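> need coordinates for the below:
(one chain, ligands or ions: 1)
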Amino acid sequence: MARETPDIQENESANEESLRMVSSAPIGNEPVSDEELRPQTLSNFIGQPRLKAQLQLFLDAAKKRAVPPDHILLAGPPGLGKTTLAMIVANELEVPIRVTSGPAIQHAGDLASILSSLDSGEVLFIDEIHRLPRAAEELLYIAMEDFRVDVMVGKGPGATSIPLTLPRFTVIGATTREGMLPAPLRARFGFTAHLDFYPHEELERLIERSSVVLDIKLAQGSARQLSLRSRGTPRIANRLLRRVRDWAIVHDLGEVEPDDVEQALALYQVDSEGLDRLDLAVLDAIVRRFDGGPVGLNNLSAMIGEEAETVETVCEPYLVREGFLVRTPRGRVATEKAWKHLGIQPPDDVNKLF
Ligand code: ADP
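Down below sits the predicted model:
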């Protein structure tokens, strides 16, 4: 049912993040292969129980009232299921969905032409909505509130604006940076959901579901091994599962044992905690070269030969979240967990450094 406006997918392939096995952004042709693993209904969407219950109520009420639901904002890091939920909402409401993104809309006029061609009840999904140009944002507030768009006719002093009434529709905005959305735009959403990283148990269920779709037989404990390496992120879990499937095919395995998961992912340098080569290089430099820190971002990046921005945006969030690294005003400090993960005895005062 999805109708795509041209030029939709933001090209994220040109940065370092997209080269990593544990990247939370899509890599290669994943946007296509992700499709087969997308659940179509809310009941097949794994985890996030509170959000699902809220959304179910919200959709049931709209269906009972026979009106399109209020606009929905989905906020959270990449790969946690925002696009999937948008598709599910349209599916549950049995309405078409139009897909676009902030970066794909360069001028307010691009958005005006999408809005003016929406059918009654249609869902308009705007990915990366925080990246809409300012003029498009302003046009969107009005359209979301008053179901009206002002179309400019002519150019120069003779130009006039003609108000065009739109049918009722539902905007679903997705953002990885909710804080960057201007307050007036945020206020137009009647329902805002925050997606969190998934606990291991939920990822295990997700991996088991995906293994059925991908026709791969996992032995007891294999889904667990995969979930521990997936950084709380469904997209990474599905990616690692596909690589394990390659391993199973090449080695003619009827069933994948936990040991196979370990060997297959070791080949891709993803370790038991989901850390890859770059994460380990960061920890190794802090521990061995800087005695555990504190060390400034620039010194650290120079030591491992990476851009400071890559270290800060690509490695650090996960390392901090998992308690391997602490950011202090004096710089980055490795925790006891980091020393032990590298197999090095931490100094007695390791916890006093932060
Ligand atoms: P986002 O839009 O937040 O970047 P996506 O919705 O594209 O993330 O999800 C990435 C992949 O993970 C998709 O293949 C999707 O099927 C899968 N996925 C995400 N969340 C779930 C979930 N809760 N249950 C099952 N699969 C999921």
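> how about the stretch 1-150 of the chain: which residue is closest to the ligand?
Nearest residue of the stretch 1-150 of the chain to the ligand: Gly81, at 2.7 Å (Cβ to the nearest ligand atom). The way it works is simple: take the backbone N, C-alpha and C, and place the C-beta from them, glycine included.
> also the stretch 101-250 of the chain?
In the stretch 101-250 of the chain, the residue that lies nearest the ligand is Pro234 (3.4 Å; Cβ to the nearest ligand atom).
> quick check on the closest residue to that residue other than its chain neighbours: phi, psi?
Nearest residue to Pro234 in three dimensions, chain neighbours excluded: Leu206, at 5.5 Å (Cβ to Cβ, 6 or more residues apart in numbering). Leu206 adopts backbone torsions of phi -60, psi -40, taken as degrees, to the nearest 10.
> pLDDT at Leu206, what is it?
At Leu206 the predicted local distance difference test score is 97.
> what sits against Ala248?
Ile216, Val256, Asp260 (Cβ atoms under 8 Å, 6 or more residues apart in numbering).
> same list (these) but as CSV, adding neighbour count.
Formatted as CSV, the contacts of Ala248 follow (neighbours: other Cβ atoms under 10 Å):
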residue, neighbour count
Ile216, 21
Val256, 24
Asp260, 19
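> re the thing from before, next, count neighbours for the residue nearest to Pro234.
Counted with other Cβ atoms under 10 Å, the neighbours of Leu206 add up to 25.
> mind checking pLDDT for Arg235?
So, for Arg235, pLDDT stands at 94.
> check Ser33 too.
69.
> how about Ile162?
86.
> what does Val171 give?
pLDDT recorded at Val171 is 98.
> quick one: it from Ile114, how far?
11 Å (Cβ to Cβ, to the nearest Å).
> what residues does the stretch 101-250 of the chain put near the ligand?
Ala174, Leu206, Pro234, Arg235, Asn238 (Cβ under 6 Å from any ligand atom).
> now with 5 Å, please.
Within the stretch 101-250 of the chain, the positions lying close to the ligand (Cβ under 5 Å from any ligand atom) are Leu206, Pro234, Arg235.
> how many neighbours does Glu92 have?
Glu92, neighbours per other Cβ under 10 Å, totals 19.
> CA atoms only: put stretch 65-77 into PDB for me.
The C-alpha trace of stretch 65-77 is given here as PDB (Å, rounded to 0.1, in the frame of the first residue of the first chain):
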ATOM      1  CA  ARG A  65     -15.300   7.300  16.100                       C
ATOM      2  CA  ALA A  66     -14.700   6.700  12.400                       C
ATOM      3  CA  VAL A  67     -12.300   9.600  12.100                       C
ATOM      4  CA  PRO A  68      -8.600   9.700  11.200                       C
ATOM      5  CA  PRO A  69      -6.600   9.700  14.500                       C
ATOM      6  CA  ASP A  70      -4.600  12.600  15.700                       C
ATOM      7  CA  HIS A  71      -1.100  13.100  14.400                       C
ATOM      8  CA  ILE A  72       1.600  10.800  15.900                       C
ATOM      9  CA  LEU A  73       5.200  11.500  16.800                       C
ATOM     10  CA  LEU A  74       7.600   8.600  17.200                       C
ATOM     11  CA  ALA A  75      10.900   9.500  18.800                       C
ATOM     12  CA  GLY A  76      14.000   7.400  19.500                       C
ATOM     13  CA  PRO A  77      17.300   6.200  18.200                       C
END
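> for Ala219, which residues are in contact?
Ala219 touches Glu255, Val256, Glu257, Pro258, counting by Cβ under 8 Å, 6+ apart.
> can you flag the buried ones in those?
Listed as buried from these are Val256, Glu257, Pro258; burial here means 16 or more other Cβ atoms under 10 Å.
> what's the spacing between the most centrally placed residue in the chain and Arg209?
Most central in the chain under Cα atoms, centre = their mean is Pro78, positioned 1.4 Å from the mean C-alpha point. Using Cβ to Cβ, Pro78 is found at 20 Å from Arg209.
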